[in-house]
Structures are given as structure tokens and as C-alpha cells.
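1. predicted model, plus sequence, below.
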Amino acid sequence: MSRYLGKKVAAALVSFLVTLVIGFVIFSLMPADPVRTLTRGRPTSEEQLAQIRVQLGLDEPVWYRFLTFAGDTLRGELGFSWQFQQSVSSLVAERLGPTLLLMGAAAVISIALGLWLGVHSGWRHGTLFDKVASGASLTLWSVPTFWLGMILLVLFSGWFPSGGMSDPSLAATGLEHVLDVARHLVLPALTMVLVVFAQYVTVMRASVIDELGSPYLLTARAKGLTDADVRRKHAVPNALLPSVTMIFMHLGTLVTGAITVEAVYSWPGLGYLTYEALKIPDLPLLQGTFIIFSASVILMNLLADLAYRFLDPRVRVQ
Amino acid sequence: MRRIGAVLCALTLAFAVPAAPAGAAAPPVRSTVLRAAMDGSGVDTLNPFLAFFNGALETFGMVYPSLNSLDPSGAPGPYLATKWEPSADRLTWTFTIREGLKWSDGKPITAEDAAWTLNLIMTDAVAGTANGSLVSNFEKVTAEGPATLVIKTKAPQASVPYVSHPMSGIPIVPKHVWEPLAKNLKDAKNDVFPLVGYGPWTLTEYKQEQYAKFTANKEFVLGPPKFDNLVLQSFKSGDAAVAALRSGQIDYKAGVNPTQFKALQADPKIAAVRTVGNGWMGLEINHNARTRSGKKIGTGHPALGDPALRKAIALATDKQTLVTKVIDGVGRLGHGYLPPAWPQWFWTPAQPTPYDPAQANRVLDEAGYTKGADGVRTDPKSGRPLAFRFGIHSDDAADAAISGYVVGWMKEIGIKLTIQSLSMTALNSDLAKGDWDLLMDAWTTGPDPTYLLGIQSCGTLPKDDGTGGNTDSFFCDAAFDELFKKQLTTFDQGERAKVIGEMQEILYAANVNQIYYYADGLDVARKDTVTGLTLGKPDADGVYPSQTAFWSYLNAAPATATTAAKAEGSGSGMTWVAGGIALVVVLGGVLVWRRRAGGADRE
């Protein structure tokens, strides 16, 4: 076990170091003049522009900037945002909560809904329920997120708030604040759920159908178990592995937020922060969010590898 | 799984419970709140020495004072200063500072605060990050007593009364608060609320990318705000802000697009107002990218250096179609370099270039550009076809719409354009290096046109090593530069306007910056909650003078008693939600119980 764990952790560390280098190189190669973009429209003299370049460290050679970036990252410092004039880690910390709330709520609902529909569609495949559930989920999966968000916004903006995370004109505290945030969460979370849940439906449905003809199900029925118990206690546990992989992959991307949904509903999350960083481009902020996103995916992949050992005895044997 | 299903049903039902109409979500206390959409750029930082984004400048204009205000026509008016006069040699300006005003913490506002703020920007590189260029001609600023501020300039400068004004000028900060922060200005986040300042409003709460909350300064010297509170909410999508306005979540939004404007005009609950545009949309031509010493740089097509070719491009452009089709008619045809929002500087040519593709073809024929079999003309000097790159902003819908028309019009006169859709930052990078042919460009300006005119002067060209420089189109003309210096030192506004008119005439004739249109400002507000946002009288077309948020928010008043009534009703809105969720929980429980019972029967 410890050897297996050691190998997986070492591989994860190597992946992380490679992403550090890639992150720096990609963003440094971007054809961009952040100082001109930052100051666009404001009266700025040539001397001012030169001074800002010095302040941002853009007068330093690339190799020096890379060493500074790598050293800071290994010390746990993510640099200083050029546009927001504050540390990247404080910016990320501010946005992490809203992102996890939106993405977490959407993930929980879409996983639960997707798996439930997938199990029942697969178990009763070919029925009207299966056709409606599969058709609807695949249709919604094909819809562009941005477009769906706009449509929901137009349809329901009188019922639910159309932007932000809370109503600033409402000095709400306690339960009232919780309910206020919940109301603001409805449309962005619904948009995410409608687009995401289909993948769980399709994977779970296919896995359940694969199990349908298995002899162990016949044995279970022969023992006198009800149809629901056969499905719940025998078919579903065996059909769950591919969905577990997908859930961990999904969890790994939770912190990345959803740029389009956050943009449509002005949700103050990490996804939109990254988009704002790209526009300048605010390299320290971009590199900082890139590190967080990469580390999250790598960590979740590592956890998925470890979870297999507990869920599937065949992995332990290997 | 049954439980999950039941929970999901409950959640779905919970989401389906309608909240009270969002318009009812006003504060629980009986105070009036003006709810507006924050400028789309947002707030980069609350440190007034470092901020560049319009959302931040708008905020500073409301919470920090300035030496002058601006009247609706854009002329300097009184604020901290009640009087300002140049000396006979035009090198010294004396501002008389109003006495008796106090910062929000009770300390007096004096000339010393203004002198300290301006001196810090002049002497400290970090403090000059955002506004250094505005004081670059200042030699010395002193406070001669609490009510007298003296500014000495290195050379005569007509625009001194424009240096410190709300929104786009320098905000004056309280010395006693900022002096301890000055040593490490870069790290000053200025996030202790309420912010110590002075203005029509006091900033009491701010959440980045979410909202800013203000309370009214009912003793504000230029007249108290009529609302008790102001909330600026951040919207990253214009459509979301419009939806919020329609449903009553906000009262006002400045700057919607023409499509949204037309739709809102049909809504009887919404007042949709056109204001004179403070910017232009146009085309820039890389006619001759060179450094200050005249060394050629970049990869611009050499034929674009020919005035005849640029004239033909202007003749072949149907600006009226762009106004009609791209901005739905809500704007004016473009000619001069400065927008009509500031009528004192607005200039129109005596003989505007007409839309005449036949004439454009004749001009090109006469200049020796012959058409090939593919319909594309060839430059007789370089032998290269007239095939140009056409850079547009990838995130700008107007650029995309305009480029479609322009490509077609240019094809008619034998010019082939290849659209390059690039991010703003990539376009800026190419522009600085001279690696472009044609670019879509847009600029807005405040009432002092010095900066916008300055980026067309030779002094802003890059150095030979490619560094430095702040040019917008590599324009460089000795006569223009002479007039630029002259307007800086012409103190009589009428005379200055004449000089600036001559400068615009030179630019117009050069056809390097071809101004397509000046889009109107399009503001929308709810009639049932707010009135008084729009100042001035409309012209014959129903277009109002250009507005600034400073005056709009100051003059806005609750439309009726509805705002207070909504404040009372807000509690019941939340009760509805709570009641709905309670109902759902009960229903969910019943559902689970029934399903369990049914399952047992089946088993």
C-alpha cells in the first residue's frame, strides 16, 4: 500500500512541477502589453508607462521573472495582482467561497439527479421514462451554457435575482442573508445543473445496462429480493465505478468555477476572476489561478486513484 | 435512491416557489435607496493614487472632493475652490478654497490637503501611477493659508482648472489619513469603512466585484443628495443589468447598447434617454509607422502612406449606413476628432467627405492603382496587391458588425481586407510595434481634450529601440504639433477652441483617423422609483447633454412614495420565501413517507 501511495504521490508532484513551468511559459508568451491595456483611456505619459513597467517587474529578464515566480510559488506565495493591486492569494481567498458554493451546489444536485435518472433509465431502458430522461438530458447537454443562462435569465429574472450573490440594498443578516444568497444561487446553479447532469445520466445508464444480464442479478432475484433491492444492493454498486471516476474529475474542476455562468449572473467567483486576468493580461493573477486549478485537478486525480483501491478489489490485486 | 429522489423533488419545488417580486427587495428601514448598475469596468482598487478603471474613478468622484466641479457643458465650476485665477504671466494659478468644510471624520478641509495631495503625486513615483501626467507641468504647489492654494507651472497651461475635477481628474484626499500611508502607498488598500472623505456620498461598504454602498452627505456643499443611500451593483453582463432593471432590482443603468435601448423604449415603466456621445468609433490607418528619429518600423503596407489611397478609403465608406445599421440610428455621423459631448471643442468640416464609391475608384485609377483579374488593385510603387489586415476587437460586437460592411465596401474599390479578430491587449501590442494595416478604434474623452490630442503628436512616437511612445496611430505632423503647444497656452476658451478646430482639420484631411460615428449615451431608469437623473434640455432630436454620474446621482430623487412603501414590504418578501421552503419541506416529507409506505406494500 505504501509503495502504491508513494508512486502515486510522486507522479502527482511531477505533474504539478511540469504545470508550473507550462503555466509560466504559456502566459509569458502571450503577445500582450499589459501596461497599455491597464492604462487605456487614461491620460498617461511615456514616463508614467515606463514607471509602471518597472513597478510590475516587466523590465526584468524572463529568466529572472521565472525564478522569482518558481521561488514564490514553492514558498506558497502567489504574487501581486497587477490590476487589483493586492496579493493574488487574498483575491483567490475572496473568490473561493462563492465559487465553491455555486459549483458545489450545482455538483451535488447534478450528481444526485444524474445518477438517479441514469440508474432508473438503465434499469428500465427502452421505456418512455428512459426515452424522455435520456433525450432531455442529452438535449440540455448540447445547449451552450452561455445561451441557456441568458434564456433562464430572461424567463425567470422577475422571480429570481438576475445578478450578484446578495441584494446589497437589503441589510440582511442571519437566516435572512442565507435565504437571500439562496435566491441568488437559484438561476446560476440551475444553469450549471441543466448542462452538467446529462453526463452522469449517460454514464450511469450505460453501466447499469451492462450489468442487466449478469448472473448475480438472477441469483439475487432467485433469493426473493424485490426488484428495487436487486437494483439498489446489487446492480448499482457494481455499475458505480465509471461514475466515481467522473465524480472525482468533476470535483477537481470545482474550484475553476464556470466562466460563462459567472459572467451571465455576475457571480463573484474564480472563473470570472481568471477571465478578468486574461483581458489585461494580469500575469501574476493568471499564474496564481492556474496553479490553484492545476493543483486541484492533480489532487483529485490522486484521490480517485486511492479511492479505487477501496472500491474495486481488482485494483488492490494489481 | 428514493430519498435522493424525494430530496430532489423538494429542492426543485423550493426553487419553483416564486420569491416576492424583486422590486420589493428594498431595505427594511424607511430610508430611500437609489440602486444603480456600477460601471461595467468595475473597481480595480480603492487606492485613488493607483486606480485606472472607470468604476473606481466614479466611486472616487462621489467620496473625495476636487478643486473644481464641471458644469453640464463641461466647463470648470466651483467645488472646493470658489475662485481660480491665473497670474498676469500665466504661470501661477491661485485657487481660493472654501472655508468651513469638514472631512467625514470632522477634521477641517484646507488648502493644505490639496497641496499635499498634488505634491505627493508630483514627487512620488508610486503616487503618480494613475495621475502623474496631469501634474507633469506643475513646478510647485503650496498652501498659503487654509484658504489659498497656489499652483506654479513650468509653462503656461490653460487646462489647470481641469486637473482636479470629479470622475476623471485628481481627487483630493485627507492629508491626516494618507500621510502615514504614503511611505508604503503601494500596499494601501484603503478599505477601512466608512472611508474618510468628503463628497455627496460616503462609502460605507464595498465588496469587490459585487457592490458599493454609500450614505448621503446631507450637508454637501453643492446641494444634498435627495436619496438617503446609494447602492452601485456590479453586473458583468449588460443583459443581466437590463433584466434587473426590468424586474425592479435596480433603478438605473447608464450605458445600454442600442438593441437594449430600443427594447426598453417600448416599456412604459422605463424612461429611456439619449445623451450626446462623449466618444467616437472609427478606423485607424497605419500610414507610415516610424520612430521619433524617422526610422521605419513594423510591417504596415507601404501603399497606406499614400494620401490618395486613404482618401479613397474614406470616400468608399458609407458612414450613414453604419449609424443606421450598427447603432440603430442612436448616434451622429462622425467627422471631427473630438466628440460632441463637449460642444466647446466640437468641430465639423466645411465640406464633409461624401460617400461616393465611384469617386473613390476614380481617385485610385488616377493614382495608378490598377485592378487585376481578381478585382484587387496593385500598388504601382511596391508592386504589392492592396490586401490589408483589418484588426478588430474580438469582444466588441460593434467592431464585428462594422467590419462586415467595410470589407464589402473596400472590395467594391479593389481593396481586399482580411479581418483579424484579436483581444484588446494583442491589438495594443501590434499597434505599438507597427504590425498592422487597418484597425478599429474607439476613444472617449472628458472635457479637457489635451490627452486625446496629445496622442496624435510626434512626441508620442516610440524611440528607435521600440520602447517608449504612446502614439495611437503614428500620426506626426509639424503644424499639428505647433497648434498642440499653442492650445495648451491659450487661456481664452474661444481662442483655444479655434486652435483645436484647426488641429482637427489637419487630422481630418490626413484621413489617418477616420471617425465613423459618435454613439449617443443611452441611459435607462425606472419611472416608478426615480426621477431627476437627467440634466439639461433635449435638442431637436430629443438628445440630452452628456451626463456624469456625479450630477446624476446628486440630483436623482425618489419618484413617489413607492420606495418607502417597498422598504416596508421587503420583510414580507423574505417571509414568502421562508414560507415556501417550509411548505416544500413538509411536502417532501409526505412524499418520502408515501413512497416508503408504497415500497413496503410492493415488497
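-> Received, thanks.
2. tell me the residues of the stretch 1-150 of chain A that contact chain B?
-> Applying C-beta under 8 Å from any C-beta of the partner chain, we find that the stretch 1-150 of chain A lies next to chain B at A:30-34, A:36-52, A:55, A:83-86, A:94, A:109, A:112-113, A:115-116, A:119-120, A:150. Every residue, glycine included, has its C-beta placed from N, CA and C.
3. got any ranges where the stretch 51-200 of chain A has weak pLDDT?
-> Within the stretch 51-200 of chain A, no stretch has pLDDT under 70.
4. can you give me the helices in it?
-> All helices of the stretch 51-200 of chain A, identified by DSSP state H, counting those that start in this stretch, fall at A:62-74, A:88-123, A:128-142, A:145-156, A:174-211.
5. need those in JSON lines with distance to residue A:299, can you?
-> Listed next are those as JSON lines, based on distance: least, C-beta to C-beta, whole Å:
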{"stretch": "helix A:62-74", "distance to residue A:299": "16"}
{"stretch": "helix A:88-123", "distance to residue A:299": "14"}
{"stretch": "helix A:128-142", "distance to residue A:299": "27"}
{"stretch": "helix A:145-156", "distance to residue A:299": "25"}
{"stretch": "helix A:174-211", "distance to residue A:299": "21"}
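6. pipe those into a markdown table and attach distance to residue B:225 and mean neighbour count per row.
-> Converted to a markdown table, those look like this (distance: least, C-beta to C-beta, whole Å; neighbours: other C-beta atoms under 10 Å in any protein chain shown):
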| stretch | distance to residue B:225 | mean neighbour count |
| --- | --- | --- |
| helix A:62-74 | 45 | 14 |
| helix A:88-123 | 30 | 21 |
| helix A:128-142 | 47 | 15 |
| helix A:145-156 | 31 | 18 |
| helix A:174-211 | 26 | 21 |
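7. which one of those lies closest to residue B:516?
-> helix A:145-156 (28.5 Å; C-beta to C-beta).
8. got the CA positions of that closest one in CSV?
-> Provided in CSV are the C-alpha atoms of helix A:145-156 (Å, rounded to 0.1, in the frame of the first residue of the first chain):
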residue,chain,number,x,y,z
THR,A,145,-24.1,27.3,-21.3
PHE,A,146,-24.0,31.0,-22.0
TRP,A,147,-27.1,30.8,-24.1
LEU,A,148,-29.0,28.7,-21.6
GLY,A,149,-28.0,31.1,-18.9
MET,A,150,-29.4,34.1,-20.9
ILE,A,151,-32.6,32.3,-21.6
LEU,A,152,-33.2,31.4,-18.0
LEU,A,153,-32.3,35.0,-17.1
VAL,A,154,-34.9,36.4,-19.4
LEU,A,155,-37.6,33.9,-18.3
PHE,A,156,-37.1,34.0,-14.6
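9. ok, residue B:310 - contacts?
-> Residue B:310 makes contact with B:285, B:287, B:304, B:510-512, B:514, according to C-beta atoms under 8 Å, 6 or more residues apart in numbering or on different chains.
10. before we move on, what about residue A:47?
-> The contact partners of residue A:47, taken as C-beta under 8 Å, 6+ apart, are B:132-133, B:136.
11. quick check: it vs residue B:403, distance?
-> Counting by C-beta to C-beta, to the nearest Å, the separation of residue A:47 from residue B:403 is 35 Å.
12. can you check residue A:9 too?
-> 52 Å.
13. out of the two, which sits in the more crowded spot?
-> Taking other C-beta atoms under 10 Å in any protein chain shown, residue A:9 and residue B:403 do not tie; residue B:403 has more neighbours (22 against 13).
14. check what pLDDT the more buried one gets.
-> On the pLDDT scale, residue B:403 is placed at 97.
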